[in-house]
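Novice: Provided below for reference: sequence and predicted model.
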Amino acid sequence: MANRNTLTSLQGGTRAGQVATLSNIGTTETAFSVIANPVTGTGGGVAVLTPPDLDQYNPGDQIRVRIVGTITTNTTTNVAVKLYQGNDSNLSNDHVVVNTAAVNANTQTTQFLIQADLQYDATSQTIHGLATTEINGTVVAPAATSLVSSIASASSLQFVVSGVFGASNGGNTITVNEMAIDAV
């Protein structure tokens, strides 16, 4: 939930400008999209989380990227949610920052959380940090994020979230309640 430290956020929902639920994606890793047409519920492009005016921060300052949501499965399956640096729905063009790895979420509704404290280093053109993830009560101990390099400027600090199931079922869904960037 947005708080006084929240710099920017995207909310999940069914209205224009909100993050659409991933449903019926089978076993294909898919980036979340923003709803453009509330009548049809179809996406209006990839949901990109971009911090406002990162140039206002001093070297070494941190940002916290938070993604919270709900997973529903109607079959025996694993699920993974990933955080990427980038802005492309073709995830091979983006860079993995946090990977929850596949977690058992068999025939149930459960919550998930990704929280990553990141630093951008303009000199080495990298982001790195520490992440904690939780899906279905499985907490991954805080661990280093993937080191992402070749980030030429703060304006490249954009983030995309994806989801994937281990087994196909039309009732499998991943819903983002909120994607947010906080000042730390």
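Specialist: Thanks, I have the structure now. Numbers count the residues shown, from 1 in each chain.
Novice: Now do the strands in this protein.
Specialist: For the chain, the strands defined by DSSP state E cover 6-11, 22-23, 30-31, 33-37, 42-46, 62-72, 78-85, 95-99, 103-104, 109-121, 126-135, 138-144, 159-165, 173-183.
Novice: Next one: Ser146 from Gln11, what distance?
Specialist: 27 Å (Cβ to Cβ, to the nearest Å). For every residue, glycine as well, the C-beta is placed using N, CA and C.
Novice: Give me the pLDDT for Asn169.
Specialist: Asn169 is assigned a predicted lDDT (pLDDT) of 89.
Novice: Ok, the one 5 residues further on next?
Specialist: The confidence metric pLDDT takes the value 94 at Ile174.
Novice: Relative to Thr73, how far out is Pro52?
Specialist: Computed as Cβ to Cβ, the Pro52 to Thr73 distance reads 36 Å.
Novice: if you skip the residues just before and after it, what's nearest to Ile35?
Specialist: Ala20 (4.9 Å; Cβ to Cβ, 6 or more residues apart in numbering).
Novice: Pull the number of nearby residues for that neighbour.
Specialist: 20 (other Cβ atoms under 10 Å).
Novice: correct me, but it touches Asn37?
Specialist: No: with contact defined as Cβ atoms under 8 Å, Ala20 does not reach Asn37; the gap is 10.3 Å.
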